[in-house]
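[1] need a structure here:
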Amino acid sequence: MALDEALLHSVANGALPVLRFYRWQPATVTLGYAQSVATDLDLEVCRQAGLDVVRRSTGGRAVLHDQEVTYAVIAPLNTDLFGNSVLDCYRVISEILQKTLLQLDLPAQLVPGKPRGGSRNVMKAVCFSAPSQYELVIDDRKVAGSAQKRYGQAFLQHGSIPVEIDLELLSKVLKTDINGSSAGSLDSVGWLNQWSDKPFAISDVEKLLAEVFSKQLQIDWVRSEPSPAEMQEAMRMSAEKFAHPEWNMKR
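    Below you'll find the predicted structure:
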């Protein structure tokens, strides 16, 4: 999380756009910027399951990151790549995600419009519970979560595409029901291997997603590593924010 924010600052100061893929070890729950730990997360279950907990700088709801494709898009706002508005960014990236899933023979649909319902009780804790603007569903189940932050003339969008999900663990961590029609159910949560006879490899989905990004945006990616200055900034942010209990638990 600290490196993503350091890259955001770097791009805002003129660095090239970044598409970053990463994994989680151990599995980790990320909380949205303004989310409540006390009401939305069972810390004792996280401890017993060996899960890390960290708060994102982006908004949205909680995500359990484990067997999934996790990406971050960091790009300037003063280009034609992603449009100018927040919704333009979501739309462009969601269309790329949809094309990627369609190439995997998954019948992904793009859901436009506003989030379902307006009640605070409608699954406010779980990121994959209800589609919002320009998000992906298969058979009415949400299969990609995203959240965005802007800094200066750049934006950071976090995204998560589950390949597998441990629904039982998710329900315990986020205090929800696995099935049922209640506001706390997980019956609208999806993952890619639900619709595939052959399990997908995370690396294959990452590779295809990068290729579709390149084709749709008509750009070429160059493999790179964070600069020493970016790593130094990430270390500073980690110490001051993302590795600090005050940031993660009492926001």
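
[2] what's around Gly159, how many residues?
    21 (other CB atoms under 10 Å). Any C-beta I mention is one placed from the backbone N, CA and C, and that applies to glycine too.

[3] So for Asn84, what's the pLDDT?
    On the pLDDT scale, Asn84 is placed at 76.

[4] Against Ser214, how distant is it?
    22 Å (CB to CB, to the nearest Å).

[5] Tell me where the stretch 101-250 of the chain is predicted with low confidence.
    Within the stretch 101-250 of the chain, the set of residues satisfying pLDDT under 70 comprises 113-133, 177-185.

[6] how about a cut-off of 80?
    112-135, 176-187, 250 (pLDDT under 80).

[7] For the spatially most central residue of the chain, what is the enclosing helix or strand?
    The centre of the chain sits closest to Gly159, judged by CA atoms, centre = their mean, with a distance of 2.6 Å. Of the helices and strands defined by DSSP states H and E, Gly159 is found in strand 154-162.

[8] after that strand, next one along is what?
    Next along from strand 154-162, by DSSP H and E: helix 167-173.

[9] Which positions in the top helix by length along the chain come out as buried?
    For the chain, the longest helix by residue count, based on DSSP state H, is helix 86-103. The neighbour-count check on helix 86-103 (16 or more other CB atoms under 10 Å) flags Cys89, Tyr90, Arg91, Val92, Ile93, Ser94, Ile96, Leu97, Gln98, Lys99, Thr100, Leu101 as buried.

[10] same question, stretch 148-166
    148-149, 151, 154-163, 165-166.

[11] Stretch 31-45 too?
    Buried, per 16+ other CB under 10 Å, within stretch 31-45: Leu31, Gly32, Gln35, Val37, Asp40, Leu41, Asp42, Val45.

[12] Reformat these as JSON lines; add secondary structure.
    Below are these laid out as JSON lines (DSSP: H, G, I helix; E, B strand; the rest coil):
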{"residue": "Leu31", "secondary structure": "strand"}
{"residue": "Gly32", "secondary structure": "coil"}
{"residue": "Gln35", "secondary structure": "coil"}
{"residue": "Val37", "secondary structure": "helix"}
{"residue": "Asp40", "secondary structure": "helix"}
{"residue": "Leu41", "secondary structure": "coil"}
{"residue": "Asp42", "secondary structure": "coil"}
{"residue": "Val45", "secondary structure": "helix"}
